[in-house]
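Trainee: Mind folding the following:
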Amino acid sequence: MWKIDSTRWYSTPQIASLLGVDRAVIARAIDLGDLPAYRFGQRMYRVLGSDLDAWIRRAKNV
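Mentor: All right, here's what the predicted structure looks like:
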């Protein structure tokens, strides 16, 4: 089981590694608007831990 700090910012590679999925899965969730992400710079996205936790909980209920 993973431990997500609700106040920490996570990069897409960190999330993919944490969940054991390909980065494309995370990128698609962001592109579809399912996973809220914030842009830092031109190509870097970060996801707030509380948003990541909520996304995981919603996915588990589907």
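Trainee: what's the longest strand in the chain?
Mentor: Ranked by residue count under DSSP state E, the longest strand found in the chain is strand 44-48.
Trainee: what element comes up after that one heading to the C-terminus?
Mentor: Once strand 44-48 ends, the next helix or strand along the chain (criterion: DSSP states H and E) is helix 49-61.
Trainee: Give me the phi and psi for the residue lying farthest from the centre of the chain.
Mentor: Note on the chain: the largest C-alpha distance from the chain mean falls to residue 42, namely 17.9 Å (CA atoms, centre = their mean). Backbone geometry at residue 42, expressed as degrees, to the nearest 10, gives phi -80, psi -40.
Trainee: ok so, going back, residues contacting the longest strand of the chain, please?
Mentor: For strand 44-48, the external contacting residues (CB atoms under 8 Å, 6 or more residues apart in numbering) are 6-12, 15, 30, 35-40. (C-beta placed from N, C-alpha, C; glycine too.)
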